[in-house]
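1. here is the input, now give the coordinates:
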Amino acid sequence: MLSVSLGAAPPPPAGWSPEELRLLTSLSIDRLGPVPADPSNRVADDPEAAELGRLLFSDPRLSANGKVSCASCHDPANGFTDRRATGLGIGTGTRRTMPILPAIYSTWQLWDGRADSLWAQALGPLENPLEHGFTRSEVAALVRTHYVGRYRRLFGPLPKLAAGRASPLGDPEARRRWATLSASQRQAVDRVFVKAGKAIAAFERRQRLQPTRFDLYLRSPSDSSPSPLSHREEAGLRIFIGKGKCTSCHGGPLLTNSDFANTGVPVRPGAPADEGLIAGVEVVRADPFNCKGAFSDDPGRSCDELEFAARGSPEQVRAYKVPSLRGVALRPPYMHAGQYADLERVVRHYSEAPAAPAGRTQLRPLRLNPRERGDLVAFLKTLSPTEAEARQAR
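-> Numbering: from 1, shown residues only. Reported below is the predicted structural model:
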């Protein structure tokens, strides 16, 4: 559950009902509380860990070709995404790059929820053959070669590590090499690999969302002139909280409920089979790096969300993470595999609510007319800092 700060902010400009004012106030970034604690990562809020994580995040040596870093796809100037329909690393991925900033408030990571912490999420791309194409033994070796001092100050002495390219998830040669390692050698590699992920998570947790014109509007006194929003943008806001029913999923200060939904998004032509959450739940349960695993720093390992996560529910078929709308104008194209090029097409999809290619869509037709759709798009563009502001925040 997201904690919020209930500090008072000025009410939005006049013309709203008391019920509307309550809803609008709940959307303000001023209601966004601190980043939730992560007991599974003891260095989550350690500044020195964050600095190591910053260096690792931008290090292209953490890839098979020496050219791909985390920042290659998660560019701060693009809302920590890459403006591609699907991510591009060593190869071309099958889903769109998700933004980092809203993710730091969420338990479930990625479009299908297949990781349950920031640090576990950071590990997956490193060994994904389409992303970094690296192995955990190579990550450990790079830490030992280039970051040994920082590592020792944070975590103590580096264990003795096996050399070579080895991983249980790698190519056939990497898997063969992993099979030759002793249990203690595997554990040593895994420990360094995990701590690299926890440092990256510490860096990510220090990033902050920026207020937008919408937030300035919510802070404006009722007699402010000129208003931070145009008449058309305010009309779009009325649709957003009213006829459009957008706050059903995109509510709260993050403008997301952090849940998963089947919204009838079409299959990307040529894309491989993708079942969404129903498959992601099984992946995270089997992940040795989940919150119940041996690498969690939480001695209790209660992990209620993982323990009680539904499995095999029909509603999970092609259900994907509800993304935050903060910064949405900075990160086209849209949907989980970049199916729609612009916000106009996204809004039309929600207005028409087509049948889902599998499972059942949770949408109902809104039947917005062209003017209403245009007003809603105009409002959605107020939910992002300008590109200059985004670059300045780097």
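2. which residue is nearest the middle of the protein?
-> For the chain, the residue nearest the mean C-alpha position is Ala103 (3.8 Å; CA atoms, centre = their mean).
3. and that one, what does it touch?
-> Ala103 sits next to Gln109, Leu118, Gln121, Glu204 when contact means CB atoms under 8 Å, 6 or more residues apart in numbering. Glycine gets a C-beta too; all of them are placed from N, C-alpha and C.
4. quick one: those as a markdown table, columns for secondary structure, neighbour count and distance to Glu234 too.
-> Output for those, formatted as a markdown table (DSSP: H, G, I helix; E, B strand; the rest coil; neighbours: other CB atoms under 10 Å; distance: CB to CB, whole Å):
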| residue | secondary structure | neighbour count | distance to Glu234 |
| --- | --- | --- | --- |
| Gln109 | strand | 23 | 35 |
| Leu118 | helix | 27 | 36 |
| Gln121 | helix | 23 | 37 |
| Glu204 | helix | 25 | 34 |
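5. give me the pLDDT value at Ala390.
-> The predicted structure scores Ala390 at 50 on the pLDDT scale.
6. likewise for Pro221?
-> Here, the pLDDT recorded for Pro221 equals 67.
7. how far away is Asn128 from Leu52?
-> As judged by CB to CB, to the nearest Å, Asn128 and Leu52 stand 22 Å apart.
8. those two: who's more crowded?
-> A count of neighbours by other CB atoms under 10 Å puts Leu52 above the other of Asn128 and Leu52, at 27 against 17.
9. hmm, the more buried one is touching Leu154, no?
-> Yes - the pair Leu52 and Leu154 passes the contact test of CB atoms under 8 Å, sitting 6.7 Å apart.
10. thinking Leu376 is in contact with Phe240, fair?
-> Yes - between Leu376 and Phe240 there is a contact under CB under 8 Å: 6.3 Å.
11. what sits in contact with each of those two?
-> For the pair Leu376 and Phe240, residues contacting each of them under the criterion CB under 8 Å, 6+ apart are Cys246.
12. of the two, which one has the most company?
-> More crowded of Leu376 and Phe240, by other CB under 10 Å: Leu376, with 28 against 24.
13. the residue lying closest to Leu158 once chain neighbours are set aside: neighbour count?
-> Nearest non-adjacent residue to Leu158, counting by CB to CB, 6 or more residues apart in numbering: Arg144, 5.5 Å away. Arg144 sits with 15 neighbouring residues when counted by other CB under 10 Å.
14. in which helix or strand does Arg144 reside?
-> Assigned by DSSP states H and E, Arg144 falls within helix 136-146.
15. can you list the buried residues in that helix?
-> Applying a neighbour-count criterion of 16 or more other CB atoms under 10 Å, the buried positions in helix 136-146 are Arg136, Ser137, Glu138, Val139, Ala140, Ala141, Leu142, Val143.
16. show me what that helix is packed against.
-> On a contact count with 3 or more CB pairs under 8 Å, 6 or more residues apart in numbering; DSSP states H and E, helix 136-146 meets helix 118-127, helix 172-180, helix 183-205.
17. which elements pack onto the second one?
-> Packed against helix 172-180 by the contact rule (3+ CB pairs under 8 Å, 6+ apart) you find helix 136-146.
18. what angle do the helix it packs on and helix 172-180 make?
-> 80 degrees (axes from the mean of the first three to the mean of the last three CA atoms, to 10 degrees).
19. okay, the angle between helix 136-146 and helix 118-127?
-> Between the axes of helix 136-146 and helix 118-127, defined by the same axes, to 10 degrees, the angle is 100 degrees.
20. angle of helix 136-146 against helix 183-205?
-> Relative orientation of helix 136-146 with respect to helix 183-205: 70 degrees, computed using the same axes, to 10 degrees.
21. report the distance from helix 136-146 to the chain centre.
-> 26 Å (CA atoms, centre = their mean, to the nearest Å).
22. hmm, back to that, from the buried residues of helix 136-146, which single one is nearest Asp342?
-> Val139 (37.6 Å; CB to CB).
23. may I have the helix holding Arg144 as CSV, with CA atoms only?
-> As requested, the backbone C-alpha atoms of helix 136-146 are provided in CSV (Å, rounded to 0.1, in the frame of the first residue of the first chain):
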residue,chain,number,x,y,z
ARG,A,136,26.2,-13.2,-13.6
SER,A,137,29.8,-14.4,-13.5
GLU,A,138,30.8,-11.6,-15.8
VAL,A,139,28.9,-9.1,-13.7
ALA,A,140,30.8,-10.3,-10.6
ALA,A,141,34.1,-10.2,-12.4
LEU,A,142,33.5,-6.6,-13.6
VAL,A,143,32.6,-5.5,-10.0
ARG,A,144,35.9,-7.2,-8.8
THR,A,145,37.9,-5.4,-11.5
HIS,A,146,36.5,-1.9,-11.5
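24. and the next helix or strand past that helix?
-> Read in the C-terminal direction, the helix or strand following helix 136-146 is helix 148-155, with elements assigned using DSSP H and E.
25. for that next one, packing partners?
-> Here helix 148-155 is seen to pack against helix 47-57, helix 183-205 when contacts are counted using 3+ CB pairs under 8 Å, 6+ apart.
26. as a markdown table, those with mean pLDDT and distance to Leu158 would be great.
-> Output for the helices and strands packed on helix 148-155, formatted as a markdown table (pLDDT from 0 to 100; distance: least, CB to CB, whole Å):
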| stretch | mean pLDDT | distance to Leu158 |
| --- | --- | --- |
| helix 47-57 | 98 | 13 |
| helix 183-205 | 97 | 7 |
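27. ok, back up a step: out of the helices and strands packed on helix 136-146, which is closest to Val346?
-> Using CB to CB as the measure, helix 118-127 is the one of the helices and strands packed on helix 136-146 that comes nearest Val346, at 24.7 Å.
28. got the contact list for that closest one?
-> Applying CB under 8 Å, 6+ apart, the contact partners of helix 118-127 are 38, 40-41, 62, 70, 89, 103-104, 109-110, 114-115, 131-132, 134-136, 139, 167, 169-170, 193-194, 196-198, 200-201, 204-205, 287, 289-291.
29. just the buried ones from those?
-> Neighbour-count burial (16+ other CB under 10 Å) is assigned, among these, to 38, 40-41, 62, 70, 89, 103-104, 109-110, 114-115, 131-132, 134-136, 139, 167, 170, 193-194, 196-198, 200-201, 204-205, 287, 289-291.
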